[in-house]
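**Student:** Generate coordinates for the sequence data below:
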Amino acid sequence: MTQINSIGLDNQKSQALVTALNTLLSSYQIQYMNARGFHWNIKGRNFFELHLKFEEIYNVLLEKVDEIAERILTIEGQPLHVFSDYLEQSKIAEAKGISDGTTALENLLAGFTTLIGMQREVLAQAGDAEDEGTAALMSDYIKEQEKLVWMLKAYLN
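**Tutor:** Residues are numbered from 1 along each chain as shown. You can find the predicted model right below:
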């Protein structure tokens, strides 16, 4: 017999979503720290422009970290909350010692490409679970990040 959680979702499917969302949360945390590090360590001719852009990016990422953690709680899961778990679960690698703008932007571009792919998987899983809240969140993120990927690619070309 199917067990339903307090917001009307299949409990087993929700817990599978919690696992996927925790991997996404972990990847967001690493992408956030990478962007923060680029903001702090950027050097070169485009310093002023990129310093501001990296700050804009990490602020948006931080907002999404909170939204994902709250979604996990909403579907009755427990969000990961220690960096050792993030490092273990993330599909995005840490970027250390990068101060070159092009390298930093290429790193962020690769990270956002990874996040979009992960979000498409969560979106499909949420659809299967009839979890409109998670699906809507993923749809919004995908739309926003597809535009960002286009802009990062345009800047790098």
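
**Student:** Every contact and neighbour count from this point should use C-alpha atoms.
**Tutor:** Fine.

**Student:** Look through the protein and tell me its longest helix.
**Tutor:** Longest helix of the chain, by residue count under DSSP state H: helix 11-41.

**Student:** So for that one, what gets flagged as buried?
**Tutor:** Across helix 11-41, burial judged by 16 or more other Cα atoms under 10 Å covers 11, 13-15, 17-39, 41.

**Student:** Can you tell me the number of residues neighbouring Asp131?
**Tutor:** 21 (other Cα atoms under 10 Å).

**Student:** gap between it and Glu106?
**Tutor:** In this view, Asp131 and Glu106 are 33 Å apart by Cα to Cα, to the nearest Å.

**Student:** which residues of this structure fall in strands?
**Tutor:** Here the chain has no strands by DSSP state E.

**Student:** Tell me where it is predicted with low confidence.
**Tutor:** Within the chain, no range satisfies pLDDT under 70.

**Student:** backbone phi and psi for Lys96, please?
**Tutor:** Phi and psi for Lys96, reported as degrees, to the nearest 10, are phi -110, psi 140.

**Student:** count of neighbours near it?
**Tutor:** Using other Cα under 10 Å, the number of residues around Lys96 comes to 9.
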